Structure formats: C-alpha cells, structure tokens
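Asks: Return atomic coordinates for the entry below.
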Amino acid sequence: TGKLVWQDSSVEDRILHGQWSSPAVGSIGGVVQLVSAQGDGWVRGYEAATGKKLWEFDTNPKEAVWPKTRNELIATPVIEKDRVYIGNGQDPENGEGVGNFWAIDASLDGDVTGKAAVWHRGGNDFHRTISTVAIHDGIVYAADLSGFLYALDARTGALHWKHDLLAAVWGSPYVADG
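Replies: I've put the predicted structure just below:
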C-alpha cells in the first residue's frame, strides 16, 4: 500500500558525512532482520517486521576521531550464517587511511560492540573501503580503497592471500560460476 510500517533514527545528528549504504535482509538466529550500516560508523540490526532494534555495533575504536581515524559505513552489510561482514571507510575524495573490517555475531542483543566481534582486521591489515564483500565457499573477498583484494577465511579472518590491483578500488568483488 505504500504505508509506512516503521522507521528508525538511531543515527540522530551523528552522521559523519553521508548515509550511503543499502540495508541487507536475512535470517539471523531464526529472526528475519534488516541490517543497516549507517553514516555514524555503527551497524544496526532490526527485526524486519516491526523495526524493533535488536543490536548495534560501533565499527570504530572508541578513540577514533572524524575525519582522521573515525570512518563511516558506505558498503552494504553481508549476512552469512548469523554473521554480518562489513568494512568501514570514507568518501574516496578523503583519501586513503586506516579502516576496520569486521565479522560480527549478529545473534546477540543490545550494544554488542566488542563482545560480538568474531574477528577483525585493521591497521596495516586493512584500509578504508567502500566495497561490499563477496562470500563463497567459506572465503570472504574484500577490497579496499588502497587497491588490495583480500581472500579471508570467513570463520577465522585468517588471510588466504592479498593481491595488489595497482589502483584504488571503488567497486565490489563478485563471484561468478564458482
């Protein structure tokens, strides 16, 4: 009917630069969730039918400061086996910098920052990104603005390989035909 069913304004006035990420929908812990990566650097999970906020996770360290080390979320979250995979970054015009990539246990409730981190890559191991990941056969393919494509173990975050594409990456990896 086009009638508004629910809305949320958890970001309030804390948008760092913009709200670009598309939400993802999937079953987590038997609940259909809408997962939204937001412009304040937090990713949040909502019960899709009602809009009830189930959990939220800050993808930046507490000491991070915008625009130097605090990043927003531009990529679309990817849901796989009760986990959410997401990397943070900034508008490419802000240049390269330290980013954070997370595998988050999205079956927990409340502010799950820290306790829901299944694994993390950051510092020199991952840079700012605007790319959505691809997952296939237990491998997460993630690209960063610095031009690296990573193949990471979805369960542990261990690096299978890293390839220098010799150019900034603004697109997202894609797996086709296995």
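
Asks: mean confidence for stretch 45-52?
Replies: Model confidence over stretch 45-52 averages 98 on the pLDDT scale.

Asks: Which residues does the lengthiest strand in the chain contact?
Replies: If each strand of the chain is counted by residues according to DSSP state E, the longest one is strand 117-127. Here strand 117-127 makes contact (CB atoms under 8 Å, 6 or more residues apart in numbering) with 57, 83, 87, 89, 96-105, 142, 144-146, 148, 150, 152, 156-157, 159. All C-beta atoms are positioned from the backbone trio N, CA, C, and that covers glycine.

Asks: likewise stretch 151-169?
Replies: Stretch 151-169 is contacted by residues 80-81, 83, 85, 92, 96, 103, 118-121, 125, 129, 131, 135, 138-150 when judged by CB under 8 Å, 6+ apart.

Asks: can you give me the end-to-end distance of that stretch?
Replies: As for stretch 151-169, its first-to-last residue distance stands at 15 Å under the measure CA to CA, to the nearest Å.

Asks: pLDDT at the one residue sitting closest to the centre of the chain, what is it?
Replies: Within the chain, one residue has its C-alpha closest to the average C-alpha position: by CA atoms, centre = their mean, that is residue 86, at 1.9 Å. We have a pLDDT of 98 for residue 86.

Asks: Residue 39: neighbour count?
Replies: Close neighbours of residue 39, defined as other CB atoms under 10 Å, add up to 17.

Asks: any idea how far it lies from residue 78?
Replies: Relative to residue 78, residue 39 is positioned 18 Å away (CB to CB, to the nearest Å).

Asks: Parallel or antiparallel, list what pairs with the worst-scoring helix or strand of the chain on mean pLDDT.
Replies: Across the helices and strands of the chain, mean confidence by mean pLDDT, DSSP states H and E is lowest for strand 117-127: a mean of 94. Strands that pair with strand 117-127, judged by DSSP bridges, come out as strand 98-105 (antiparallel).

Asks: residues making contact with the partner strand?
Replies: Identification of contacts with strand 98-105 by CB under 8 Å, 6+ apart yields 43, 57, 59-61, 69, 71, 82-89, 112, 116-123, 126-129, 140, 142, 144-145, 154, 157.

Asks: Done for today, thanks.
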